[in-house]
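S.K.: everything below, folded, please.
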Amino acid sequence: MPVTIRQLEIFKAVVESGQVTKAAEKLLLT
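M.R.: Below is the predicted model:
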């Protein structure tokens, strides 16, 4: 199944939002 540009954009957004969440959790925990 070929990966479309839209799927890549969605995947990137999910990864970035996940990183933001982890960073926020670290800030809250420290």
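S.K.: for Arg6, give me the pLDDT.
M.R.: pLDDT recorded at Arg6 is 94.
S.K.: could you do the one 10 residues further on as well?
M.R.: At Glu16 the predicted local distance difference test score is 94.
S.K.: i'd like the first residue to be 36 from this point on
M.R.: Happy to do that; since the first residue is 36 now, the last one works out to Glu51.
S.K.: neighbours around it, how many?
M.R.: Using other CB atoms under 10 Å, Glu51 is surrounded by 10 other residues. C-beta coordinates here come from the backbone N, C-alpha and C atoms, glycine included.
S.K.: that one and Leu43: what is the separation?
M.R.: 12 Å (CB to CB, to the nearest Å).
S.K.: with Thr65 instead?
M.R.: On the measure of CB to CB, Thr65 and Leu43 end up 33 Å apart.
S.K.: more neighbours, the two?
M.R.: Leu43 (10 against 5).
S.K.: residues in contact with the more buried one?
M.R.: If you count contacts by CB atoms under 8 Å, 6 or more residues apart in numbering, Leu43 has none.
S.K.: any idea which element it lies in?
M.R.: Leu43 belongs to helix 40-64 when assigned by DSSP states H and E.
S.K.: next one: that helix to chain centre, how far?
M.R.: Centroid separation for helix 40-64 versus its chain: 2 Å, with CA atoms, centre = their mean, to the nearest Å.
S.K.: next one: stretch 37-53
M.R.: Distance, centroid of stretch 37-53 to centroid of chain: 8 Å (CA atoms, centre = their mean).
S.K.: for it, list the C-alpha coordinates in PDB.
M.R.: This file holds the C-alpha atoms of stretch 37-53, laid out as PDB (Å, rounded to 0.1, in the frame of the first residue of the first chain):
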ATOM      1  CA  PRO A  37       1.600   3.200  -1.100                       C
ATOM      2  CA  VAL A  38       2.100   6.000   1.400                       C
ATOM      3  CA  THR A  39       0.600   9.300   0.300                       C
ATOM      4  CA  ILE A  40       1.900  12.800   1.200                       C
ATOM      5  CA  ARG A  41      -1.200  13.400   3.300                       C
ATOM      6  CA  GLN A  42      -0.500  10.200   5.300                       C
ATOM      7  CA  LEU A  43       3.100  11.400   5.900                       C
ATOM      8  CA  GLU A  44       1.800  14.800   7.000                       C
ATOM      9  CA  ILE A  45      -0.600  13.200   9.500                       C
ATOM     10  CA  PHE A  46       2.100  10.900  10.800                       C
ATOM     11  CA  LYS A  47       4.500  13.800  11.200                       C
ATOM     12  CA  ALA A  48       1.900  15.800  13.100                       C
ATOM     13  CA  VAL A  49       1.100  12.900  15.400                       C
ATOM     14  CA  VAL A  50       4.800  12.400  16.100                       C
ATOM     15  CA  GLU A  51       5.300  16.200  16.800                       C
ATOM     16  CA  SER A  52       2.300  16.400  19.000                       C
ATOM     17  CA  GLY A  53       3.500  13.300  20.900                       C
END
